[in-house]
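> Have a look at this fold, sequence not included:
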């Protein structure tokens, strides 16, 4: 089982998304609260989950490129409406 972590935060809140794969196939996304931080509000949490779902494959590819292959990339700003 492979797990990839992705974080979303605002000034006062933060939540993590774990993207779970089993046998190379996507299984689920689990949203968790961050200890010591307030969780994202309902509206931001829905947006966060939607972004993770829509960009899941790109997130995983960039995670592997960065942490496995040490390939650096610039951050990406998503400006289109979801």
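Looks like it arrived, so ask away. Quantities reported herein were computed from a predicted structural model and do not represent experimental measurements.
> ok now the helix or strand encompassing residue 17, how far from the chain's centre?
Applying DSSP states H and E as the criterion places residue 17 in strand 14-22. Here strand 14-22 is found 6 Å from its chain centre; the criterion is CA atoms, centre = their mean, to the nearest Å.
> Give the partner strands of it in its sheet and their orientations.
strand 2-9 (antiparallel), strand 25-33 (antiparallel) (DSSP bridges).
> Now do the same for that strand: mean pLDDT, whole number.
Per-region confidence: strand 14-22 scores 91 on mean pLDDT.
> Which residues in that strand does the neighbour count mark as buried?
14, 15, 16, 17, 19 (16 or more other CB atoms under 10 Å). Every C-beta, even on glycine, is put in place using the N, C-alpha and C of the backbone.
> check which helix or strand covers residue 52.
helix 42-54.
> Can you name the residues in contact with the helix or strand following that helix?
Later in the chain than helix 42-54, the nearest helix or strand by DSSP H and E is helix 56-67. Residues outside helix 56-67 that contact it (CB atoms under 8 Å, 6 or more residues apart in numbering) are 4, 6, 19, 21, 26, 29, 52, 71, 72, 73.
> And stretch 37-50, by the same measure?
The contact list for stretch 37-50 (CB under 8 Å, 6+ apart) reads 8, 9, 10, 12, 13, 14, 15, 17, 29, 31, 33, 82.
> please redo it, this time with the cut-off set to 10 Å
Stretch 37-50 has contacts (CB atoms under 10 Å, 6 or more residues apart in numbering) with 6-10, 12-17, 29, 31-34, 82.
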